[in-house]
Each structure stands twice: as C-alpha cells, then as structure tokens.
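# sequence first, predicted model second:
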Amino acid sequence: MDGSADPPLVEVSDLSVEFVSREATVHAVNGISFAARRGEVLCILGESGSGKSVTLRSLIRLLPRNARVDGSVRVNGRDVLAMGARELRDLRGGLVAMVFQEPMTALDPVYTIGQQIGETVRRHTGSDRGAARERALELLELVGIPSAVRRLDAYPHELSGGLRQRAIIAMALSCNPQLLLADEPTTALDATVQVQVLVLLRRLQRELGMGMIFVTHDLGVAAEIADTIAVMYAGRIVETGPVAQVLSHPLHPYTAGLLASTVHGQHKDRDIDAIPGSPPDMRRLPQGCSFAPRCTRRSAACRTTVPEPRFPAPGRMAACLNLPVGAE
Amino acid sequence: MALAPVPVGSRFDPPVIDPRDRGGPAQPLLIARELRKHFPVKGARGKSVQAVDGVSFTVRKGETLGIVGESGCGKSTLARLLLHLVVPDAGELVFDGEAVGTSGGIAVNALRRQVQIVFQDSYSSLNPRMPVRDSVAFGPFIQGRKKAEARDLARDILAKVGLNADLFGPRYPHELSGGQKQRVNIARALATGPRMVILDEPVSALDKSVEAQVLNLLRALKRQLNLTYVFISHDLNVVRYISDRVLVMYLGRIVELGPVDMIFDRPLHPYTRALLASRPSMDPAHRIEEPPISGDPPNPIDPPSGCRFRTRCPFAEPVCEHTAPPLAEWLGMNSHIAACHMQDPGSGHSRAGRT
C-alpha cells in the first residue's frame, strides 16, 4: 500500500490509562501503540477487563474524571489529548462517532428517534429543523429501517432491539464521520439480529469509506467484520495482524489459547482446551508478562521482563519472548 | 439417507443404582406435559405475555437436554416452571414417575431436593452478606443436616468444583471472579445432592477462556455424580458440544426437538435453519454475505396468529396464518420432530412433504 504520504486516521502511541481512587489504582491500559487506516476495520479483541473499551473511549476522551491518561492519541492528525472542551464536542459525533453496546441506554427515552438524530445534525451542521428531519429520514432508510417515516416519530421503547441499534447507527452516521467507533454493538442482540447488524455495519463502512474500530470479545464476530485484529490482554496489545492470519496462525500463546477454548465444533467426548486460571487483578499486575502465570510457553525470563513487540512477519506483531519456532 | 441410530446409553456411564430411583432406567426423569405460563400485562386489560404456551417434552435419566432460542422465546420461564419457581398456569410435571404438586405425587419441596438450578448471573444468585461456604452449606442445613455436617459437606463440594475451601470458602461473593462465583453457584446447586440440574445460561456471562473451564467442570461433575442436565443457552456451539438432545423454542412454543446431531446436520424447521445459518463462521474467508432472515422476533404479547414464525419465514403461505402447525408426534428419544406445515403432507402447504 502507498499509505506513506497519507498519515493514518488514528495513531496511538504509548497510551496508558489509570483510574485512581482512594483505595487503589487500576492500570486499565498499559502503554499501547497502534494505528488504524481509512477504509479499514480494526477489531480490538479482548476479554472483560482487558482494557479494550477504555482504549476505544480514550480516542474521544470519553472517560470518567478519575482517569489519568498518558501518551499520545492523534485522530486525523489532531492531538486529541490536547483538545479543549469545545474542540472535543466538535470532534465527538462529527469527525468521530460511536456506537454503544446497549441500544436502550444509549437513546434518550423521552425523545423520538427523529428528534434525537435531528439534534445531532443541527448541532454539527447548523441546519434548521426541517432539513434535520429530512436528513434523519434519509439516515433511517440508509440503515434499513422499514417504514422509516413512521419510525421517525417513534420513541425508543416502541422499537425492537435490532431497530434500536440501527437507529443508533443512523445517529452515529448523521454527520458523515470519518471514524466509527463500535463498542460491542451486537453483543446485546439475538443471534439472528446480530448477523443483520454485522452485515449492515460492514456494508456501510465499505460504502462510506469510513475507518472503523470495533471492540468485541467474540472471535466469531471479529472473523466476520475485521480487516486487522489487535488482541488485548491485561491492558496491553499482545498480538496484531490481518484477521485471517491471526485466526489461522496465532503467534501469541494467549491468542492461541483463546482460539482453542472457544467452543466451535470440538469433539463431544473430549474436554475443551481451556486456558487455566483467570486474568490478573488490574490493581496489582504481575511483574513481567501479564499472561505468564497462565502460559504454557513461559520461561524464567517471562516472570521478570515485559516482552517488547516483535515483528516476525510483515504486518504481524506479537509481544512474546517465546514465539513459536519458525515464526521468526 | 440412512441415519445411524443413536446407540442408547453410549455417551453415558454405566447406570449407577441410585436409591432414590423409583421408576427404573426406562422411566424418564422428567416429563413436562402442556406447560403453560402467561404473564398478565399491567395496564393492558386482557393482554398477557405468552411466555410458555403448551410445551411438552421428556428428559431421560442421565442425558443433557439443550434448550435454545432467542430472547423472549420463554426458555428461562420454562426453566423456572420445571422447579415451580414460577407456578405454571396449566400443564403437568412428572418427576421420575410421580406427578409434581398433587396429592399422591411428589411435593414441590421434595422435588427441589432432587432438582436444582444454576442461573446466568453468578453474582446476584449468591447472598452478598454471606461467605460463600455458608451459601453452599445453607441448602443441606435447611434440609435438616447439622451445621457442622453441612459445613463439611460444603468443603467437599467446593473442592469438587475446583475451589480450595480454605482459601475461597471464607470469602464473600464480591471477592471472587466471575468464573469462581459460577463455580460456587454450581457447588451450591450440588450441595443438596440433586439428581437433575437445570443450567440457565450458566456460561453466558463468562469470558471465553473461563467458559471452557466451567463447561469442562460441568461435564466432569455429570459423570462423577450421575447427573441429568437441562442446559439452556443461546449459544448454539456450546449447546451442540454439551447436549445429547436439543429443543428449539420460538415465542413460547417448541418448533423442533431431536437428537443433537440431527438438529445440527439436518434441521427441519426454517427457524432452526436460520438460527444455525446466523452463527459466525470463524473463518474470514467465508463470511455471511446475506442475513439468513430479517427482522427481530415479534413481541410475545401479541404473537402472530397460526405459526408464530410465519412473519419472518421465507416459505409462509396462507395456511401458516390460519392454522398453528402442531409438533409432530414424538416417538421416543431418537425421534426428530418439528412444528411446521412443510413437514406435514396433509397440511395444505405447497411444499408439504417435499423437504
């Protein structure tokens, strides 16, 4: 790719986020770096507490007051961490939009769908009520909501879960964002609805040429939507690469373990290869590699050294001291 | 196509004689007949949520029956009906040959000694003000064991579920991880020595790496303790892995029932097919290009007339609107049946008998 002239849409380097309270400091994100390009879907895969949602929210500084953020976050070349309140408001919903997991709580129950989408349009483009309503209608049709005219005047509770999530997506797209952030947008949906929303998001991302960062805990969902995948564990990115390569030939033992422990067609008479133990306490991270206590490939050095990223193949990164033989 | 018969008992351990066994190995452990539960809706006179609407099935001793369906299909209400945590409006439950809650049958309290449940939310199903070992010991204590005895039992059971009783027993639920809490819930369910355990989405709230551990544990416990499971989940891959037979629900009714491999390899009902086709492939080279069906499941307050799936079914015809397709006759543990007009040659559906 000739992306050298074109800076990446998102550039994160050495980002750390800590949540400080009287009792403890939670080290949610610990010095991660990554980039996302225009027109590409980056999937951040991780289990609960891995820091994937905090990472996503850091991109638009949607974090609670007690968060201490360090490092640098650049979106479209602009330094997000240096922005003032007004600039941030312009950024959110304008250049960058976000789709949340729970469509009911992300919508205001006392306003109609049309009013909520219209409000966003008016805030960012300054258009009048009529034009905003037109735009809202156009968006509802874009995301495939049937009888869109009627749904403009519907309240959130009158819609099914799948339609609500489509309405949220419509709202996110209202000001033609260049970057769409999606935080487990299909997790709360039923299986037959989840696949509809995934197909829709993929189509919109392609047609509108947006960059998308999609956070999920589900390998199957990642396989459906990602171009590139970044696997997080205990606040660090442990592996990145093109999705097909990472899923077929994982380099990091955590990725490999996650693949083996996900139930998909294993033989019924055998146990599943579970990863032993549980993720570390984010208040007291182990020294060295955070995955070492659960790892089958660990050596003495893993307990003391935080593994540096290694790049065994073009486009692939793994932060592990004991990469599989032949990977390098 | 010749279907290999499922060899009876092949996946089960040799039957252990349980002194509580009354009906013998051929007697199903649980029979549900025409269970029904409608919840009235406040403020909408006469309307009700038809959570479970005439559901009949059988659970054989030693098997795992998987129940799948989307939200609102009534699978969790069904789980609660089986324990009388929600009292059915109509229908009958027979546990090991004895009718539940009738004179001459088995009392609900006695039923609950033999049937226990594990819920999805591992935190809210434990008492936050009780060390977990006391939560585990509570059931046996209530059922008449001495306090010290119940504590010893709790220690043993905690060890069985892979928790060190000295280390974890004195802790409170908030001091445990999700996987550890779910282990405690399993221990609590097993403490009364049940013969059957109803697992209502027991691994859905867990991370994948922990989910695998808990599934392995459940399988090991079933072998060791000769248990029978009813396993409810929305995750088809998990259900396929753990179940011997599968029951598919849609809006309060059974749409398909059969041995697990037949359900997954040769699904009969269009809903089951859509559900199976909606599973992500885990292979970026074979992505789902078109959603198998559109729309959401309808509201169970006003379910469609006739076949409840007809509003989303690609094969719906007028007959589906007028007549609810009955579930075909169930002929025993190997029978694979569906409630669809296309399966019934006499239904009048143009595709009847062709699939």
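Ah, there it is. Numbering: from 1, shown residues only, chains lettered A, B, ... in the order given.

# now the helices for chain A?
A:52-58, A:85-91, A:113-125, A:129-142, A:148-152, A:161-173, A:191-208, A:219-225, A:243-248, A:253-261 (DSSP state H).

# which one of the ones you listed is the most hemmed in?
helix A:161-173 (a mean of 25; mean count of other CB atoms under 10 Å in any protein chain shown). Using the backbone N, CA and C atoms, a C-beta is placed for each residue, glycine as well.

# could I get the helices of chain A as JSON lines with distance to residue B:162 and mean pLDDT?
As requested, those are exported to JSON lines (distance: least, CB to CB, whole Å; pLDDT from 0 to 100):
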{"stretch": "helix A:52-58", "distance to residue B:162": "28", "mean pLDDT": "95"}
{"stretch": "helix A:85-91", "distance to residue B:162": "47", "mean pLDDT": "93"}
{"stretch": "helix A:113-125", "distance to residue B:162": "48", "mean pLDDT": "93"}
{"stretch": "helix A:129-142", "distance to residue B:162": "50", "mean pLDDT": "94"}
{"stretch": "helix A:148-152", "distance to residue B:162": "50", "mean pLDDT": "93"}
{"stretch": "helix A:161-173", "distance to residue B:162": "36", "mean pLDDT": "94"}
{"stretch": "helix A:191-208", "distance to residue B:162": "30", "mean pLDDT": "94"}
{"stretch": "helix A:219-225", "distance to residue B:162": "25", "mean pLDDT": "95"}
{"stretch": "helix A:243-248", "distance to residue B:162": "30", "mean pLDDT": "96"}
{"stretch": "helix A:253-261", "distance to residue B:162": "16", "mean pLDDT": "94"}
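
# show the contacting residues for the residue of the stretch 251-355 of chain B found nearest chain A.
Of all residues in the stretch 251-355 of chain B, residue B:280 sits closest to chain A, at 3.1 Å by CB to the nearest CB. Counting by CB atoms under 8 Å, 6 or more residues apart in numbering or on different chains, residue B:280 touches A:195, A:198, A:218, A:220, A:221, A:223, A:224, B:288.

# how near is residue A:160 to residue A:104?
Taken as CB to CB, to the nearest Å, the spacing of residue A:160 relative to residue A:104 amounts to 11 Å.

# returning to that earlier point: among the contacts of residue B:280, which pair sits farthest apart?
The span of these, defined through CB to CB, is set by A:218 and B:288 at 13.9 Å.

# flag the shaky bits of the stretch 51-200 of chain B, pLDDT-wise.
Counting by pLDDT under 70, the stretch 51-200 of chain B contains no low-confidence residues.

# tell me where it has helices.
B:75-82, B:108-114, B:132-142, B:147-160, B:165-168, B:178-190 (DSSP state H, counting those that start in this stretch).

# could you say which of these is packed most deeply?
helix B:178-190 (a mean of 25).

# could you check the angle that helix makes with helix B:147-160?
With axes from the mean of the first three to the mean of the last three CA atoms, to 10 degrees defining the directions, helix B:178-190 sits at 130 degrees from helix B:147-160.

# pLDDT weak spots in the stretch 251-355 of chain B?
For the stretch 251-355 of chain B, the ranges with pLDDT under 70 are B:354-355.

# one more: the stretch 1-150 of chain A?
Ranges of the stretch 1-150 of chain A meeting pLDDT under 70: A:1-5.

# please repeat the previous calculation with a cut-off of 50.
For the stretch 1-150 of chain A, the stretches with pLDDT under 50 are A:1-3.

# what does it put close to chain B?
A:47, A:48 (CB under 8 Å from any CB of the partner chain).

# ok, which stretches of the stretch 1-150 of chain A are strands?
Assigned by DSSP state E, counting those that start in this stretch, the stretch 1-150 of chain A shows strands spanning A:10-20, A:25-36, A:41-45, A:67-75, A:78-79, A:96-99.

# as TSV, those strands with mean neighbour count would be great.
TSV is the format used below for the strands of the stretch 1-150 of chain A (neighbours: other CB atoms under 10 Å in any protein chain shown):
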stretch	mean neighbour count
strand A:10-20	18
strand A:25-36	20
strand A:41-45	26
strand A:67-75	17
strand A:78-79	12
strand A:96-99	24
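
# out of the ones you listed, which is closest to residue A:240?
strand A:25-36 (6.7 Å).

# please save the CA atoms from the closest one in PDB.
Presented in PDB, the C-alpha positions along strand A:25-36 are these (Å, rounded to 0.1, in the frame of the first residue of the first chain):
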ATOM      1  CA  THR A  25      -5.100   2.500  41.200                       C
ATOM      2  CA  VAL A  26      -6.500   0.400  38.300                       C
ATOM      3  CA  HIS A  27      -4.000   0.100  35.500                       C
ATOM      4  CA  ALA A  28      -6.500  -0.300  32.700                       C
ATOM      5  CA  VAL A  29      -4.300   0.400  29.700                       C
ATOM      6  CA  ASN A  30      -0.600   0.000  29.900                       C
ATOM      7  CA  GLY A  31       1.400   1.600  27.100                       C
ATOM      8  CA  ILE A  32      -0.200   0.500  23.900                       C
ATOM      9  CA  SER A  33       0.500   1.700  20.400                       C
ATOM     10  CA  PHE A  34      -1.500   1.100  17.300                       C
ATOM     11  CA  ALA A  35      -2.700   2.800  14.100                       C
ATOM     12  CA  ALA A  36      -5.800   2.500  12.000                       C
END
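
# many thanks, we can stop here.
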